[in-house]
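Q: Please work out how this folds:
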Amino acid sequence: MKLHVSIILVLLTLLGCKGKSETGYNYAYIGGEIINPTADYVVLLKSETTIDTIKLDNRNRFLYKVFDLEEGLYSFRHGYEYQMILLEPQDSILFRLNTLDFDESLVFTGKGAKKNNYLINEFLENEIEEKYIFKLCQLTPTIYQNHIDSLRTLKVKKFKKFKNKYETSPLFEKIAQANIDYDYYSSKEIYPFVHYGKNKEAILKSLPKDFYSYRKNINYNNDLSIHYYKYNKFLRYSFSNISLKEHNNHSNDKHFNRYSLCYNLDRLKLIDSLITNTSIKDGLLYDLTMNYVSKNKNVENNNVILKSYLSKTKSEKRKNKMISFTNSLNELKMGSNIPNITLVNHENVEVAMGSIVDAPSVISFWSHTYHDHFRDSHKELKKLKIKYPEVIFITINIDDYGLDKPEKSLKRNRFSCKNEYVFKNPKEAAKTLAIHPITKAIIVDKNKKIVNNNTNIFSVKFEKQLLGLINQ
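A: Sure, this is the predicted structure:
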């Protein structure tokens with residue numbers, strides 16, 4: 001609280017001194033404090049354009065004035081984490097967050113805080129709601145629709161109550177309403193995929209005729225929502241679903257496989273045909289292609305999907321990233337030797353990765369950026385080490401912080417430093433091992449040969465994969 005009061009006093013002083021000399025009112029202030037920072041700066045962006053990189057002071061605080069403000073959604077990034085913030089003229093928004101619990105710890109104060117606290121609370125509640133909706137997806141279509149209609153009604157009532165209590169702007173109301181709408185639409189788009197039934201064509205035919213009636217009002221080239229995560233999430237779900245119907249028209253598969261080459265080619269083709277906005281199209285093509293390639297094990301299929309992607313996207317930067325990522329994954333195909341990347345152990349001794357793999361091994365990764373994954377994965381690994389003593393579990397921190405910070409994090413959480421490493425050259429190593437997503441793990445046999453280049457220790461299939469490794 002003392003921090004917020006002191007910064008507010010500074011803001012009031014700045015506003016008092018400079019406000020009268022401003023030729024207009026098109027500005028806003030943003031400031032705050034980062035607890036447990038993972039970098040010494042915060043990046044402020046509007047859409048994909050960087051407004052400025054703001055250095056933290058020696059108390060991990062900052063204060064920044066946005067001149068010539070273009071009202072709307074901005075994002076601030078710290079490390080690999082980011083969150084949205086709504087800025088309107090003359091806002092003076094302060095926040096305090098802890099990187100160990102990034103979104104959950106985020107609280108805004110100052111002028112413009114109420115609308116942003118409303119939006120962040122909606123974001124957090126929706127993360128919890130998504131798990132509940134996944135369970136509801138096992139219900140029949142009509143009952144499922146009744147449940148999500150009820151959830152939407154509650155959100156609408158909450159929004160109306162907020163508007164009656166506080167003064168709100170048309171822009172905030174538009175965004176808050178979009179939150180409600182896109183969440184609802186996304187809930188409908190995921191239904192066929194999350195439903196346990198394997199015959200997706202039959203599920204689609206069982207839906208009420210008006211189940212997707214909202215689609216006729218959707219603008220798939222919406223410039224105003226182009227960099228809004230709710231809209232982009234909806235688009236990913238929507239095109240995956242629409243492609244499912246297109247795929248069924250020529251597929252003879254009895255059971256749907258979301259990682260089939262044919263389906264994913266259909267999806268890229270549909271996006272290319274329906275979206276004319278280059279930025280929206282490039283973003284969707286990249287996200288869905290990356291998701292396919294990162295989870296696919298077939299080199300030939302990866303090359304086919306890459307060729308399709310490259311023929312449709314206009315982003316040269318993303319093209320280069322996708323080519324590099326796909327090539328790295330292809331080098332990690334089953335039966336290949338694990339790359340002999342240089343690691344550093346917690347005695348500050350350099351070792352080659354191949355030299356520590358002399359038995360069936362699992363190589364997993366963690367980052368300070370993803371604290372929940374760091375904690376949960378190490379707890380899971382602790383159980384697995386006891387259950388499978390024949391397997392070496394090698395864990396690598398991918399950050400570029402050196403040894404000290406990872407070691408402190410491990411000890412603070414009472415995790416052993418045994419078989420814990422950092423990369424000597426983190427960027428080069430992350431590229432070579434195609435580390436995406438952070439949950440990725442690599443299984444290697446006693447001969448240093450790759451058995452699985454992208455598994456997940458939390459997968460229901462993981463222990464079966466371990467048993468297969470042990471029994472080789």
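Q: Output the below-cut-off pLDDT ranges for the stretch 151-300 of the chain.
A: 223-227 (pLDDT under 70).
Q: ok, residue 65 touching residue 44?
A: No: with contact defined as CB atoms under 8 Å, residue 65 and residue 44 do not form a contacting pair (10.9 Å). Where you see a C-beta, it was placed from the backbone N, CA and C, and this is true even at glycine.
Q: And those two? Which one has more around it.
A: For residue 65 versus residue 44, the count of surrounding residues by other CB atoms under 10 Å is larger for residue 44: 19 against 16.
Q: Can you name the residues bridging to the more buried one?
A: Beta-bridge partners recorded for residue 44 (DSSP bridges): residue 52, residue 76.
Q: swap in residue 34?
A: For residue 34, the beta-bridge partners are residue 97 (DSSP bridges).
Q: okay, how far is it across stretch 457-472, tip to tip?
A: From its first residue to its last, stretch 457-472 covers 19 Å (CA to CA, to the nearest Å).
Q: Same question for stretch 293-300.
A: Stretch 293-300 has an end-to-end distance of 11 Å (CA to CA).
Q: do the same with stretch 134-144
A: Stretch 134-144 stretches 10 Å from its first residue to its last (CA to CA).
Q: neighbouring contacts of that stretch?
A: With contacts defined as CB atoms under 8 Å, 6 or more residues apart in numbering, stretch 134-144 is touched by 147, 148, 190, 191, 194, 195, 196, 206, 207, 208, 211.
Q: Repeat that for stretch 345-352.
A: So stretch 345-352 is contacted by 340, 341, 342, 343, 344, 403, 407, 417, 420, 421, 424 (CB under 8 Å, 6+ apart).
Q: Based on its surroundings, how many neighbours for the second one?
A: Residues lying near residue 341 (other CB under 10 Å) number 19.
Q: before we move on, back to that, now for the contacts of stretch 134-144: which two are most distant?
A: Farthest-apart pair in these is 196 and 208; separation 19.5 Å (CB to CB).
Q: more crowded one of those two?
A: Remark: of residue 196 and residue 208, residue 208 carries more neighbours, 10 against 7, as counted by other CB under 10 Å.
Q: okay but the more buried one is in contact with residue 149, surely?
A: No: look at residue 208 against residue 149 with CB under 8 Å: they stay out of range, at 11.7 Å.
Q: Now, the contacts of stretch 345-352 that are in helices?
A: When DSSP state H defines the helices, the subset of the contacts of stretch 345-352 inside them is residue 407.
Q: Need the contact partners of stretch 382-394.
A: For stretch 382-394, contacts defined as CB under 8 Å, 6+ apart pick out 353, 356-364, 381, 415, 419, 421, 457, 463, 466, 469-470.
Q: Using CSV, write out every CA atom in stretch 416-427.
A: Coordinates of each C-alpha in stretch 416-427 appear next as CSV, following Å, rounded to 0.1, in the frame of the first residue of the first chain:
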residue,chain,number,x,y,z
SER,A,416,17.2,-31.4,-5.2
CYS,A,417,19.9,-30.0,-7.5
LYS,A,418,20.9,-33.5,-8.5
ASN,A,419,20.7,-33.9,-12.3
GLU,A,420,19.7,-30.3,-12.6
TYR,A,421,21.5,-28.3,-15.3
VAL,A,422,21.5,-25.0,-17.3
PHE,A,423,22.6,-24.5,-20.9
LYS,A,424,25.9,-22.9,-21.6
ASN,A,425,24.3,-21.2,-24.6
PRO,A,426,20.6,-21.1,-23.9
LYS,A,427,19.3,-19.5,-27.1
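Q: So which bits of it are buried?
A: Applying a neighbour-count criterion of 16 or more other CB atoms under 10 Å, one finds 419, 420, 421, 422, 423, 426 buried in stretch 416-427.
Q: which one is residue 214 nearest to, not counting chain neighbours?
A: With sequence-adjacent residues excluded and distances taken as CB to CB, 6 or more residues apart in numbering, residue 214 is closest to residue 185, at 5.9 Å.
Q: Let me know the closest of the buried residues of stretch 416-427 to residue 40.
A: Of the buried residues of stretch 416-427, the one sitting nearest to residue 40 (CB to CB) turns out to be residue 426, at 17.3 Å.
Q: so where's the stretch 301-450 of the chain shaky on pLDDT?
A: Across the stretch 301-450 of the chain, nothing is flagged by pLDDT under 70.
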